[in-house]
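Enquirer: A structural model of the following input is requested.
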Amino acid sequence: MNYTTKIQRAIKFAIKTHEVYQKQIRKGKEIAYITHPLTVGIILANASANEDVIVAGILHDTIEDSVQEKKVTKEMISKRFGENVMQLVLSVTEQNREFSWEERKKEALEHIKDFNNDSLLVKSADVVSNVSELIDDYKRDGEQVFLRFHASKEKTIKQQLKVINAILKRWDENPLTGNLVFLAKNLLEIRETEVVPENRVKVMEYQDYDENIKIQCPLCNWRGTPKNGADIESHEILFDVYCPVCGKMLLIVNSPSTK
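Expert: Numbers count the residues shown, from 1 in each chain. Here you go, the predicted structure:
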């Protein structure tokens, strides 16, 4: 994809929204927020996305994150960049900002089920950008990275994994599948780390897993097996085993599809 006039206009529009009008920065850092939508645009261009998808990627946060006095609306996006771009931007925009973090993330996750391939690609690039940055920050700053978020480390990582799994289930030929699976594995490694060594989550490969394996919760001392008593949450590329009493994650089992 060449550097078209439409892409150029989208970059200028995003810069005004995120940088000029509000000097928006990345959460917990002194890095200009505009670096994120521009990164999303680059990821989409490298994935050979079409012009509208790249433009939507660059503009994907303009409605959600614009300030009230310079509010970006769907009508504004449609007038300047076309109905298709507007619909793509709207599809990845959180609609109810007054909801709690849990409610907003649950609603956003549900919307992925109705995405077309172009929306899935924009969402994928957004996730690749955000999660790559999170992993890089974690390597540099450690556990304090998660203090920037509205949810705990456990909830933040679990939500990202749910989003990745939802995307992977929807589109087998997504050009960013490899990136998403790689990042999911990195998130699993981070999630395994706990402050207290004996509380660390055990990670095992599918071939080593036995549903009758005896497990004990290090927090509440519940004893049982995955088959009898434990709570299991299945995903596309893994499944988790939780303590049914206190909710502590006890096992992460990598499925053969992660190979």
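Enquirer: packing partners for the biggest helix by length in the chain?
Expert: Scanning the chain for the longest helix, with DSSP state H as the assignment, gives helix 117-141. Packing contacts for helix 117-141, counted by 3 or more CB pairs under 8 Å, 6 or more residues apart in numbering; DSSP states H and E, involve helix 35-46, helix 51-59, helix 83-91, helix 153-170, helix 177-192. From N, CA and C alone the C-beta is placed, and that goes for glycine too.
Enquirer: so of these, which one's packed in deepest?
Expert: When these are scored by mean count of other CB atoms under 10 Å, the highest mean neighbour count falls to helix 51-59 (a mean of 28).
Enquirer: and for the longest helix of the chain, what's in contact with it?
Expert: For helix 117-141, contacts defined as CB atoms under 8 Å, 6 or more residues apart in numbering pick out 26, 29, 36, 39-40, 43-44, 47, 49-50, 52-53, 56-57, 60, 88, 91-92, 112, 115, 145, 160, 163-164, 167, 170-171, 174-176, 179-180, 183, 186-187, 190.
Enquirer: rerun that using 6 Å as the cut-off
Expert: Applying CB atoms under 6 Å, 6 or more residues apart in numbering, the contact partners of helix 117-141 are 36, 39-40, 43-44, 49, 53, 56-57, 60, 88, 91-92, 145, 160, 163, 167, 170-171, 174, 176, 179, 183, 186, 190.
Enquirer: what does stretch 163-171 give?
Expert: Here stretch 163-171 has contacts from Leu109, Ile112, Asn117, Leu120, Ser124, Val127, Leu180, Ala184, His235, Glu236, using CB under 6 Å, 6+ apart.
Enquirer: who wins on neighbours among these?
Expert: Highest neighbour count within the contacts of stretch 163-171, by other CB atoms under 10 Å: Ser124, with 29 neighbours.
Enquirer: the closest residue to that one other than its chain neighbours and Lys202: what is the separation?
Expert: For Ser124, ignoring the flanking residues on the chain, the nearest one in space by CB to CB, 6 or more residues apart in numbering is Leu176 at 4.2 Å. Per CB to CB, to the nearest Å, Leu176 is found 30 Å from Lys202.
Enquirer: ok, the two, which is more surrounded?
Expert: In this view Leu176 and Lys202 are compared by other CB under 10 Å, and Leu176 has more residues nearby, 23 against 13.
Enquirer: ok, now which ones touch that one?
Expert: By CB under 6 Å, 6+ apart, the contact set of Leu176 is Ala47, Ser124, Val128.
Enquirer: 7 Å instead, please
Expert: Neighbour list for Leu176: Ala47, Ser124, Ala125, Val128 [criterion: CB atoms under 7 Å, 6 or more residues apart in numbering].
Enquirer: output those residues in TSV; the columns should cover distance to Leu250 and pLDDT.
Expert: TSV is the format used below for those (distance: CB to CB, whole Å; pLDDT from 0 to 100):
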residue	distance to Leu250	pLDDT
Ala47	37	97
Ser124	30	98
Ala125	34	98
Val128	30	98
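Enquirer: give the rounded mean pLDDT of the helix or strand Ala10 falls within.
Expert: Ala10 is part of helix 5-15, with elements assigned from DSSP states H and E. The predicted model gives helix 5-15 an average pLDDT of 98.
Enquirer: so how far is that helix off the chain centroid?
Expert: Put simply, helix 5-15 sits 24 Å off its chain's centre (CA atoms, centre = their mean, to the nearest Å).
Enquirer: report the inter-axis angle for that helix versus helix 83-91.
Expert: Helix 5-15 runs at 30 degrees relative to helix 83-91, counting by axes from the mean of the first three to the mean of the last three CA atoms, to 10 degrees.
Enquirer: CA atoms only: put helix 5-15 into PDB for me.
Expert: Extracted in PDB, the C-alpha atoms of helix 5-15 (Å, rounded to 0.1, in the frame of the first residue of the first chain):
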ATOM      1  CA  THR A   5      -3.700  11.100   0.400                       C
ATOM      2  CA  LYS A   6      -6.300   9.400   2.500                       C
ATOM      3  CA  ILE A   7      -3.800   7.900   4.800                       C
ATOM      4  CA  GLN A   8      -2.000  11.200   5.000                       C
ATOM      5  CA  ARG A   9      -5.200  13.000   6.000                       C
ATOM      6  CA  ALA A  10      -5.900  10.300   8.600                       C
ATOM      7  CA  ILE A  11      -2.500  10.800  10.200                       C
ATOM      8  CA  LYS A  12      -3.100  14.500  10.400                       C
ATOM      9  CA  PHE A  13      -6.500  14.000  11.900                       C
ATOM     10  CA  ALA A  14      -5.200  11.500  14.500                       C
ATOM     11  CA  ILE A  15      -2.400  13.900  15.500                       C
END
